[in-house]
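Colleague: Return a 3D structure for these sequence lines:
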Amino acid sequence: MDVATRAPLIGDGVRASAPRRGVSLRFCFAIYFVATSVFVSSASAQKDCKKPLYLTFDTGHMAVAPLVADVLARQQVRVTFFAANERTQEGGGSLSDHWASWWHARAAEGHEFASHTWDHTYWRADLGSAQAPSFRVRPSAGPRAGQDFVLTAAGYCEEIARAADRLKHVTGKIPLPLFRAPGGKTSPQLLASARACGYTHVGWSPAGFLGDELPSEKASNTTLLNKALRDVRSGDILLAHLGIWSRKDPWAPAVLEPLIVGLKERGFCFRTLREHPDYAPLVRR
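Modeller: Residues are numbered from 1 along each chain as shown. As a prediction, this is how the structure comes out:
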């Protein structure tokens, strides 16, 4: 008696090859159940994972942004984006109208957003007093890029809030009450001033520095991938960028997908900073 020629479904509606004559239905369905079990186990592991990681992306020249988005969607990983209005390879600033639809699409996928200051403004030094703090800063974007000047605490808060407000506009989603200072450069006074206007700073874990800012000649993609797979630990906040001007061999997406796959194979899962134990209480306020 001939076996049925219609192959069983495996996973998300994908059909296995039709069984050859003489192959038992029992064997065919055994394959189906094994594949289904693997699929369900993988999904369950991500849902119930006890080893969370928090992947974050800062803005950059944005040329790799569409490819990064493709990898995240394919791997079903949600991240937190810290955005500034940085110079891009096309379309003006990274928060310009040219990129608005890209940001809106990421919101629809469930990603989270927070400020990286509007003009990617680096802290350089504390000035003023504890009662009236001010800061020497140097933006790397905007009309005063590369210039040193002084911002009051209120002025620095405006830098944070302007990027957050723009993110709300382009994503249709309220950003997290967090920010990341460019380069991670801060001072206790800067952090206190930001907290006073409602923003908590987020850096990254030592092993979470994924190295995409480093020169390709000194840190190859293979080296960076192997280092991250070896050193990353549960609870780490990971840092990458949407394009680095100075790196000749782009880190993303070449390293991104094998890194995500390799970390998943090691039992890690990915969460946004909305779910981070240190920041979730701030979001719920």
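Colleague: Going along the chain, name the helices of this structure.
Modeller: For the chain, applying DSSP state H gives helices covering 25-47, 65-75, 100-108, 153-171, 188-196, 221-231, 256-265, 280-283.
Colleague: what comes up buried for the third one?
Modeller: This means helix 100-108. Buried residues in helix 100-108, counted by 16 or more other CB atoms under 10 Å: 102, 103, 106, 107. Backbone N, C-alpha and C define where each C-beta goes, glycine included.
Colleague: Now render those residues as a markdown table, adding pLDDT.
Modeller: Below are the buried residues of helix 100-108 laid out as a markdown table (pLDDT from 0 to 100):
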| residue | pLDDT |
| --- | --- |
| 102 | 98 |
| 103 | 98 |
| 106 | 98 |
| 107 | 98 |
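Colleague: Output these as JSON lines; include the columns distance to residue 231.
Modeller: Below are the buried residues of helix 100-108 laid out as JSON lines (distance: CB to CB, whole Å):
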{"residue": "102", "distance to residue 231": "31"}
{"residue": "103", "distance to residue 231": "31"}
{"residue": "106", "distance to residue 231": "28"}
{"residue": "107", "distance to residue 231": "31"}
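Colleague: Kindly indicate which of the residues you listed lies nearest residue 240.
Modeller: residue 106 (14.6 Å; CB to CB).
Colleague: was I right about residue 74 contacting residue 257?
Modeller: Yes - using CB atoms under 8 Å, residue 74 makes contact with residue 257 at a distance of 7.5 Å.
Colleague: between these two, who's got more neighbours?
Modeller: residue 257 (18 against 10; other CB atoms under 10 Å).
Colleague: For the most centrally placed residue in the chain, give the beta-bridge partners.
Modeller: Centroid-nearest residue in the chain, with CA atoms, centre = their mean: residue 56, separated by 2.9 Å. Per DSSP bridges, the residues bridged to residue 56 are residue 80, residue 239.
Colleague: hang on, it packs against residue 242?
Modeller: No - in this structure residue 56 lies outside contact range of residue 242 using CB under 8 Å: 11.0 Å.
Colleague: what touches both of those two?
Modeller: With contacts taken as CB atoms under 8 Å, 6 or more residues apart in numbering, the residues that reach both residue 56 and residue 242 are residue 81.
Colleague: What distance do you get for the nearest residue to residue 180 once chain neighbours are set aside to residue 246?
Modeller: Once flanking residues are discounted, residue 180 sits nearest to residue 82: 4.3 Å by CB to CB, 6 or more residues apart in numbering. Using CB to CB, to the nearest Å, residue 82 is found at 19 Å from residue 246.
Colleague: got it, and residue 179?
Modeller: Separation of residue 179 from residue 246 (CB to CB): 24 Å.
Colleague: Of those two, which one has the most company?
Modeller: Shown here are residue 179 and residue 246; by other CB under 10 Å, residue 179 has more neighbours (27 against 8).
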